[in-house]
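Peer 1: Quick one, what's the 3D model for this:
(3 chains, ligands or ions: 2)
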Amino acid sequence: MSRTAKSISTAMAIIIAIVLAIIGGVAGYFMGSSTASTVTVTETKTGTGATTSTSPQYVLHVAWITAPSPYDTHTYFFYRFKEKVESRTNGRVQIVLHPGGELGDQSQYLELMKTGDLFMATIEVSRFSSYTSALNFLSYPGLFRSTDEAMAFAESDWLLNYSNQVLNQYGWVVLGITVGGARYFLSVPEKLITSLDSFNGLKLRVMGSPVYVEAAQALGANPQTLPYSECYTLLQTKAIDAMENEIAAIIAMRFYEVAPNIALIPWAYAWHFVVASKKVLDNLPSDIKQIIIDTAKETSSEKNAWGLFVERVTGIQFLVSHGARIIQVDTKPIFDRLEQGFLSKHLNEIPEGARQWLQNYRSSMG
Amino acid sequence: MNYSGMNTFIAKLLRAINRVLLSIEATVIIVAGVLITVALFYGAIVRYVIHGSFPQEAELSWLLYTWLVFIGSSYVLSKGDHPTVTFIRGRLGKIYNLFIYLVCIVYVSIILRQAILYSDIFVLQKTATMGLPLYYFYAALILGFIFIDIRYIMKVIDLFVKQ
Amino acid sequence: MLELLSSIISSLPIWSIAILFIIVLLLLILIGIPVTFSIGLSSIIFLILNGKSLANAVTAMMIPLQSFPLLGVYLFVLMGTVFEKAGLTEVIVDALEPLVGRVKGGLAVVTVLGCAFFGLLTGAVAATAAAFSRIMGPEMEKRGYPREYVAAILTASAPLGAFIPPSIPAIIIATSTGTSVLTMFMVGGAIGIIVMVALIILVLATSYIKGYGGVEKKFAVREVFIRVIKALPLLAVPLLVLAGIYLGVFSVTEAGALGALSAFMVAACYRRLTVRKIIDILLESGRSTAVVMLMISTSYILNYTWSLTGINNSMLQFFVNISKTYSPYISLTVLAIILAILGMFFDVIVLAVAWGATMMSAFTPYGISPYHIGALFLFAVLLGTTTPPVGAAVFVVSDSLKVKIEKIFKGITPFVLLYIVLYIILVFIPDASLWLPRLLGLTT
Ligand code: NA
Ligand code: NA
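Peer 2: Ligands and ions are numbered 1, 2, ... in the order given. Now for the predicted structure:
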């Protein structure tokens, strides 16, 4: 045996030993896997048992889909939430942030929360539709005619109770509901949306669900359901004329660069649900659990206020300063058309309680 | 894999299994590949030429792609392996290669086990546009990884049968 | 034992966990576990040691299959495979040879230009390497180029197949960083043109100094004309694809379908297709796509692991701190070095998937263009295909020319040095990668 061959075999022996050790570890895990299922609540042993220890007892992971930005309300929510919870629990809880879709997208968050690997996330309401259709009505175009209306509904007890009734069975607890923003129309330089007539034959990208296609058709548009990830390029090459999105997303995805005409028609709303894992939440001591529930609710309503500010003030300023053109449109004819051509056919999908709430709200507003 | 020179029972069995796997893999790869290409082309033409829409485009191609990739991953093993560094492995003998295959089998089985355990979650879900149950998608992963496991086991047997 | 390991891991600082992770990953790769499974296995080991459940590793694997742009991986592989299997590479070489083949080192230039041209027809490095090794290898040897040198030129030129759009790494990088595939294609084009020019200068200089390839063929004008005419229909495919995208008929992904269908059409016109061949092409494309996509799919487990164990977050802090203390360019340099070193051992497209979002949040606040970061990833991925001990281009060339990998590495040293110089330029001069998209009016 030559010297190189010898040293190779020695090296190999060591490597194999290491790998075998690792595999042994993995195998060991499976031997005892029935008890080894772990949740995100990692309890660190504090050797001295001191109650005012600064090292956290509970590490909770939270995630959201967008990259941190001052215009992003998810970011705003979780930064505030972290700060408050950590201080209110005297550092017993540590919140770990996973922004920017680091843990996958919102359907993964739902699955992670179901298994207890993720504590909390903000979820757009459409993501629940792969499990249940009971919440679909929230994003029906034309149902809410102004952001104030939508926000009042978001903070109503009726909606919170209804959502929890629907979602608890999947292992999720809804701690707060916020309006992600009005979905406005944005179009390429050649196409302006100024009235109902502008929709005629407009190649309009909508979300991939039959109701949006139907609602867009009711407006006279030619709806396209191409994937969101392709939208920037599709607008850039004018394969589509227009799409619809929230102000914060228009800024984050830089859609205004290729579709600078923004028509302020709030045809639908994005809803961000603050969802926690039931499994993790129920395993927390009751005092911490209460702090989290209260803080989530409080911060949700702050998120709503901040969202309104972004939508009406800072977001619009940003867009205008980046060359976008903001178009004010008389929305009444458009909402009336949506009511007749679309909503009236789907009344049975909107819960009685929601219709009742809207009626009361509208009559109280005069 | 080529057992043409041998006529032992094991060689015959391996040949038969290989034939079955190959015919399934080839069918899936060809059908999925052709349909993806046609669906995407059709989607663009419908939008541009007839100003219509083809809302199933994204979900249909997603389903087909899932099948193509996971079943294709097993087809990769029909001749050769997924990209591997061979400069240590190539110098060492049968037992060493057996060890490598076993590690692969362990890994693939772990994923497979998790995918099956996970079924209680994905059976609840369906896609947004077409309402396709999500287990149509996960079935591709599960079947693909079962095939991969079978192919590695065949490689192990192959190590010892060849002499 | 697992508990012991687990408690040791949880007491370690996060950076040492990151290093430990890389060591385990590299070990698994080096002992000969397929790269994809090494990524998956190391991730699973760390998930277990961190007390995370494995259930979600499975959903992580499903994420990339849902991505519409990643369908382009299959379509652009298919398009290239049609040309390769139909033997249309020869047509390109035939046309280029009389045009540039007569200078000293001419055939070497033909190889570089040919790979670049073939880059318009395919998205993959390995396909380019395979197509050209088969044709140019024997031909160049016949005309007096040493075999190791031939192998080195082929290895160094093959990445042009994925720099020049369409480009599979560019699709994956754009998808994982949330940027425009079209713009990322043009970033690749910008770098590709620079690499191509630099390679031509280098091969001409070496051939001249070493006296390689003195005897080149002469051609009649008529012959040259016929050969060029014969190659022109090939250009129809990339032109159709680009026009389809620019005129707004096709999305970039759909244009891949157009490219694949028209490639079949062109190959049929050259009478190079049979039913048997079509089946071969579909199976081979499925095979190469599965290799790439299973690796991407597994990289999502890696991403998930690094995110949950806090490795990504500490990487983010690490780069932000360097940017704050020194400058974002120093920070980019560190990233570039990490990518280049790891790129020696495995396809760093994996890191684009695992780090894409993290790197965007680390650098864009400092005014670095997302496409500049994408350019560094793209370059690192392709540099990695030509460096020892692991590289797609190296493997293919070594296999088809029957040259030992060690010998290629000796021959390729000057080329790798050239690549490194270009890499440094890319880090410090954003315009080097952004000039083409900007020229075309794309926002970067
Ligand atoms: Na290319
Ligand atoms: Na390498």
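Peer 1: Just give the closest residue to the residue most central in space within chain B, not the sequence neighbours.
Peer 2: Against the mean C-alpha coordinate of chain B, by CA atoms, centre = their mean, the closest residue is B:Ile71 at 2.2 Å. Residue nearest to B:Ile71 in three dimensions, not counting chain neighbours: B:Val28, with 4.3 Å by CB to CB, 6 or more residues apart in numbering or on different chains. No exception for glycine: its C-beta is placed from N, CA and C like everyone else's.
Peer 1: tell me the contacts of the residue of the stretch 101-250 of chain C found nearest chain A?
Peer 2: Of all residues in the stretch 101-250 of chain C, C:Gly248 sits closest to chain A, at 4.0 Å by CB to the nearest CB. Neighbouring residues of C:Gly248 by CB atoms under 8 Å, 6 or more residues apart in numbering or on different chains: A:Leu234, A:Thr237, A:Lys238, A:Ala239, B:Tyr48.
Peer 1: The fourth one: which element?
Peer 2: The reference is to A:Ala239. Take DSSP states H and E as the rule and A:Ala239 turns out to sit in neither a helix nor a strand.
Peer 1: now the nearest residue to it once chain neighbours are set aside: how far from A:Val258?
Peer 2: Nearest non-adjacent residue to A:Ala239, counting by CB to CB, 6+ apart: C:Gly248, 4.0 Å away. Using CB to CB, to the nearest Å, C:Gly248 is found at 11 Å from A:Val258.
Peer 1: and if you look at C:Ile168?
Peer 2: Note on C:Ile168: its distance to A:Val258, by CB to CB, is 25 Å.
Peer 1: what's the answer for A:Asp117, then?
Peer 2: 37 Å.
Peer 1: The two: which is more packed in?
Peer 2: A:Asp117 (26 against 21; other CB atoms under 10 Å in any protein chain shown).
Peer 1: what residues does the stretch 151-300 of chain A put near chain C?
Peer 2: For the stretch 151-300 of chain A, the residues in contact with chain C (CB under 8 Å from any CB of the partner chain) are A:226-227, A:229-230, A:232-234, A:236-239, A:253-254, A:257-258.
Peer 1: on that earlier part again, and the residue nearest to B:Ile71, which helix or strand is it part of?
Peer 2: helix B:9-48.
Peer 1: tell me what that helix is packed against?
Peer 2: On a contact count with 3 or more CB pairs under 8 Å, 6 or more residues apart in numbering or on different chains; DSSP states H and E, helix B:9-48 meets helix B:57-75, helix B:135-161, helix C:71-85, helix C:252-269, helix C:275-308.
Peer 1: Can you tell me which of these is nearest to ligand 1?
Peer 2: helix C:71-85 (7.3 Å; CB to the ion).
Peer 1: Give me the average confidence score over that closest one.
Peer 2: Averaged across helix C:71-85, pLDDT comes to 93.
Peer 1: Briefly note if it comes near chain A.
Peer 2: No. Counting by CB under 8 Å from any CB, chain A is not contacted by helix C:71-85; separation bottoms out at 9.7 Å.
Peer 1: Convert the C-alpha atoms of that helix to PDB, please.
Peer 2: Extracted C-alpha coordinates of helix C:71-85, given in PDB (Å, rounded to 0.1, in the frame of the first residue of the first chain):
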ATOM      1  CA  LEU C  71     -41.300  26.200 -15.600                       C
ATOM      2  CA  GLY C  72     -38.800  28.000 -17.800                       C
ATOM      3  CA  VAL C  73     -36.100  25.700 -16.500                       C
ATOM      4  CA  TYR C  74     -37.800  22.800 -18.400                       C
ATOM      5  CA  LEU C  75     -38.800  24.800 -21.500                       C
ATOM      6  CA  PHE C  76     -35.400  26.300 -22.100                       C
ATOM      7  CA  VAL C  77     -33.700  23.000 -21.400                       C
ATOM      8  CA  LEU C  78     -36.000  21.400 -23.900                       C
ATOM      9  CA  MET C  79     -35.200  24.100 -26.500                       C
ATOM     10  CA  GLY C  80     -31.500  23.500 -26.100                       C
ATOM     11  CA  THR C  81     -31.800  19.700 -26.200                       C
ATOM     12  CA  VAL C  82     -33.600  19.900 -29.500                       C
ATOM     13  CA  PHE C  83     -30.700  21.700 -31.100                       C
ATOM     14  CA  GLU C  84     -28.100  19.500 -29.400                       C
ATOM     15  CA  LYS C  85     -29.700  16.100 -30.200                       C
END
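Peer 1: Before I go, just wanted to say thanks for your time.
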